[in-house]
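In: next input, structure requested:
(chains A and B)
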There are 2 protein chains.
Amino acid sequence: VSLRIGIDLMGGDSPPSFLFEAVILAAGQTATDVRFDLFASDEWCKSLATSHHPSTKECLARLEFHPCKEVISMGDAPLLAVRRKKNSSLLMGLRALKNNLIDAFISAGNTGALLAGASLLVPKIPGILRPALLAVLPTKKRPMAIVDVGGNVTATALHMVQFALLGLAYCSVALQRSQPSIALLNVGIESKKGTRTHQDVYNLLQTLSASSSPGPELFRFLGNVEGRNVFDGHIDVLVTDGFAGNVFLKTVEGTASFMLDLFESYFQKGPAEPKHISNIDALKREFSYTEYPGALLAGIDGLVVKCHGEASTRSIYHAIMNAITLVESQFIPKAKEWLCQR
Amino acid sequence: VSLRIGIDLMGGDSPPSFLFEAVILAAGQTATDVRFDLFASDEWCKSLATSHHPSTKECLARLEFHPCKEVISMGDAPLLAVRRKKNSSLLMGLRALKNNLIDAFISAGNTGALLAGASLLVPKIPGILRPALLAVLPTKKRPMAIVDVGGNVTATALHMVQFALLGLAYCSVALQRSQPSIALLNVGIESKKGTRTHQDVYNLLQTLSASSSPGPELFRFLGNVEGRNVFDGHIDVLVTDGFAGNVFLKTVEGTASFMLDLFESYFQKGPAEPKHISNIDALKREFSYTEYPGALLAGIDGLVVKCHGEASTRSIYHAIMNAITLVESQFIPKAKEWLCQR
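Out: Numbers count the residues shown, from 1 in each chain, chains lettered A, B, ... in the order given. Next up is the predicted model:
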């Protein structure tokens, strides 16, 4: 077996069968040396393993079920859950990752518990104080990495500079961009905008981008950016604290949903035209965050992907395929190497 | 003269002639007892007062020009500008408001300077520690007030509760809604989400909404809301600190612009259809914040409206008409009365 992907089937808002369906889809699209470790309750393990669906039967040999005694739910207090529910699917999966039994771990469960559990069990990458959630969003030109989208509700200037480095490592290694550009999400473009922390991050990034001599610059610091220009397509890494980043990400989703509603109502005024309906459906998919491949838990020495709680089968499938690509391209060791050379 | 509206023609990103055009438009739509006090540089005052345009000549008697020696620009440091440029259009306008020579003051200039100047010159409403910017946004159902959208980059829990009260006063008095609903912009809906400050605001609003006995509840506290559900239309007042609020507002603008681009490119794949082009243009207007009537500087004992720096003639016109409505309906005294009874 050359590659093992661990998946937490429990704890999300979607039923485990939705996530299982994504696993079967991914199995059908990957080589037979890719195996799947599924963490779920006893009942779900039994019911899914005995499925009579032909495509399930076909790949059953590539699935390993790990029955779990407990489940961490969305409403559980993260730290308490991590301390008390040691036999939950989420923690069993993280332990498997820590012990190198799996190469990546994917969960659509309680974000706080996943972060707390990963921070506790998986070592941090040297030089990183706080892991952060990294998401990739489309823009008018090329995709952009944004970090932190909710790993930490508060952050110091130093934490945020580390988020920037994690974003750069991702852009350099996973997206293979040279000299990526960085911008700081702020309330205006002038250097004195925002809180004292934002001003400090601005100065630190300014200094770092100028000091990476000899040789070419490590990255280009574009300064502050406002939400209204974020999608122009000139930014590779958008740096933000987890609170503003999470508000940003969810506001994009909310605005998109609102606009699609408006689009539909505008176009429904005329006679129904199938072409336009399919256009709107395509736009809906493009902007539905439940369709996204999930956010990377950046900063730990292991590959953990957090999917949207209401993630669709399609998005879990994307998350699995994306995780496989990252494992195959040796993302974690290369990102560590990249970071250690800075 | 029953009503005087002061307008700062300088300091925005648009030329003073754009703002002047909006004044002429508004004059054409209002009774002759509405007068306009225009604050601009000597040169602009001269050039605009001698305009030969028929619609300008017609209302010239209703315009009073106030030539100013200085201009506060977008790049000026707010506190420094307020201290040093006493004869700027922005500060002369605020002084006129303070001295009751005008009933409202509108500016598209430096936000920080407008806030600092207003805080310095115009008394605060009793019980309000920090003025905040209040904007009104469309949603899937009815418009929603959001406060603070950038008046303060940091805020304590008590400040934020006062923002909530300012939003409630606006909804009750200006929008005439009874028992408005309030939600707190946060990273999740559970009460423990966000920073300590957000948790405190949650508890304070929870307690306040329950304690307004006897009689009906003053407001309904809906708890935390995420950016993705903000536009559902169930919220009357969205409470946020100025940093997250500003990120929120500008992200809505950026996402809308991105989506309209995508939408256009989708529909350009087929043959051009005039009906769809006009639909898209209508949507663009609906989501362009340069078209918005501006944000209210809530919490001071005077009517100050901040327009977008790149505000269009149309949006300045809306801001003027909106300010006239607020003056005529005695918004400030009624809001003060509302707040003093709480």
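In: state whether A:Asp37 is indeed within a strand.
Out: Yes: counting by DSSP: H, G, I helix; E, B strand; the rest coil, A:Asp37 is found in a strand.
In: now do the same contact list for it.
Out: A:Asp37 sits next to A:4-7, A:64, A:66, A:93, A:96, A:101-102 when contact means CB atoms under 8 Å, 6 or more residues apart in numbering or on different chains. Just so you know, the C-beta spots here come from the backbone N, C-alpha and C atoms, and that holds for glycine as well.
In: check which helix or strand A:Phe221 maps to.
Out: Assigned by DSSP states H and E, A:Phe221 belongs to strand A:220-225.
In: who are the packing partners of the lengthiest helix in chain A?
Out: For chain A, the helix with the greatest residue count under DSSP state H is helix A:242-267. Counting contacts by 3 or more CB pairs under 8 Å, 6 or more residues apart in numbering or on different chains; DSSP states H and E, helix A:242-267 packs against strand A:132-137, strand A:144-147, strand A:181-185, helix A:274-287, helix B:242-267, helix B:274-287.
In: buried ones in stretch A:236-255?
Out: By 16 or more other CB atoms under 10 Å in any protein chain shown, the buried positions in stretch A:236-255 come out as A:236-255.
In: chain B contacts on the stretch 101-250 of chain A?
Out: For the stretch 101-250 of chain A, the residues found near chain B under the criterion CB under 8 Å from any CB of the partner chain are A:139-140, A:150, A:153-154, A:185, A:187, A:190, A:192-195, A:198, A:226-231, A:242-244, A:246-250.
In: which residue, other than its chain neighbours, is closest to A:Arg95?
Out: Nearest non-adjacent residue to A:Arg95, counting by CB to CB, 6 or more residues apart in numbering or on different chains: A:Leu121, 6.1 Å away.
In: distance check, that neighbour against A:Ala298.
Out: Distance from A:Leu121 to A:Ala298, counting by CB to CB, to the nearest Å: 16 Å.
In: repeat that for A:His234.
Out: Relative to A:Ala298, and taking CB to CB, A:His234 is found at 22 Å.
In: ok, the two, which is more surrounded?
Out: A:Ala298 (25 against 17; other CB atoms under 10 Å in any protein chain shown).
In: at which residues are the strands of the stretch 1-150 of chain A located?
Out: Taking DSSP state E, counting those that start in this stretch as the test, the strands found in the stretch 1-150 of chain A are A:3-8, A:34-41, A:63-68, A:104-107, A:132-137, A:144-147.
In: of all those, which gets the most neighbours per residue?
Out: With neighbours taken as mean count of other CB atoms under 10 Å in any protein chain shown, those reach their highest mean count in strand A:104-107, at a mean of 30.
In: chain center to that strand: distance?
Out: Relative to its parent chain, strand A:104-107 has a centroid offset of 10 Å by CA atoms, centre = their mean, to the nearest Å.
In: hmm, back to that, make a markdown table from the helices and strands packed on helix A:242-267 and add distance to B:Thr325 to it.
Out: A markdown table is the format used below for these (distance: least, CB to CB, whole Å):
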| stretch | distance to B:Thr325 |
| --- | --- |
| strand A:132-137 | 39 |
| strand A:144-147 | 40 |
| strand A:181-185 | 35 |
| helix A:274-287 | 35 |
| helix B:242-267 | 22 |
| helix B:274-287 | 20 |
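In: for the ones you listed, which one sits closest to B:Phe18?
Out: Smallest distance to B:Phe18 across the helices and strands packed on helix A:242-267 (CB to CB): 16.6 Å, for helix B:274-287.
In: residues contacting A:Pro126?
Out: Applying CB under 8 Å, 6+ apart, we find A:Pro126 in contact with A:336, A:339-340.
In: what's the nearest residue to A:Ser88 if we skip its chain neighbours?
Out: Counting by CB to CB, 6+ apart, the nearest residue to A:Ser88 once its immediate chain neighbours are dropped is A:Glu70, at 4.2 Å.
In: for that neighbour, give me its contacts.
Out: If a contact means CB under 8 Å, 6+ apart, then A:Glu70 has A:85-89 as its contacts.
In: identify the farthest-apart pair in the residues you listed.
Out: A:Lys86 and A:Ser89 (11.4 Å).
In: ok, back up a step: from the residues of the stretch 101-250 of chain A next to chain B, list the buried ones, please.
Out: In those, the ones that pass as buried (16+ other CB under 10 Å) are A:139, A:150, A:153, A:185, A:187, A:190, A:193-195, A:198, A:226-231, A:242-244, A:246-250.
In: before we move on, the earlier item: confidence score at the residue nearest to A:Ser88?
Out: With respect to pLDDT, A:Glu70 scores 95.
In: cool, A:Leu339 as well?
Out: A:Leu339 is given a pLDDT of 87.
In: okay, it and A:Tyr170: tell me how far apart.
Out: 11 Å.
In: of the two, who's got more company?
Out: A:Tyr170 (24 against 20).
In: any stretches of the stretch 1-150 of chain A with poor pLDDT?
Out: The stretch 1-150 of chain A contains residues with pLDDT under 70 at A:1.
In: show me the contacts of A:Pro126 that map onto strands.
Out: Per DSSP state E, strands hold no members of the contacts of A:Pro126.
In: got a list of what A:Phe163 touches?
Out: Taking CB under 8 Å, 6+ apart, we find A:Phe163 in contact with A:132, A:147-148, A:155, A:239-240, A:298.
In: now A:Thr313
Out: Shown in contact with A:Thr313 (CB under 8 Å, 6+ apart): A:14, A:18-19, A:21-22, A:25.
In: ok, so of those, who is nearest chain B?
Out: A:Ser14 (16.3 Å; CB to the nearest CB).
In: ok, that closest one touching A:His308?
Out: No: counting by CB atoms under 8 Å, A:Ser14 stays clear of A:His308, with 9.2 Å between them.
In: any shared contact partners between the two?
Out: Shared contacts of A:Ser14 and A:His308, defined by CB under 8 Å, 6+ apart, are found at A:Ala108.
In: low pLDDT regions in the stretch 151-300 of chain A?
Out: Within the stretch 151-300 of chain A, the set of residues satisfying pLDDT under 70 comprises A:212-216, A:267-277, A:286-292.
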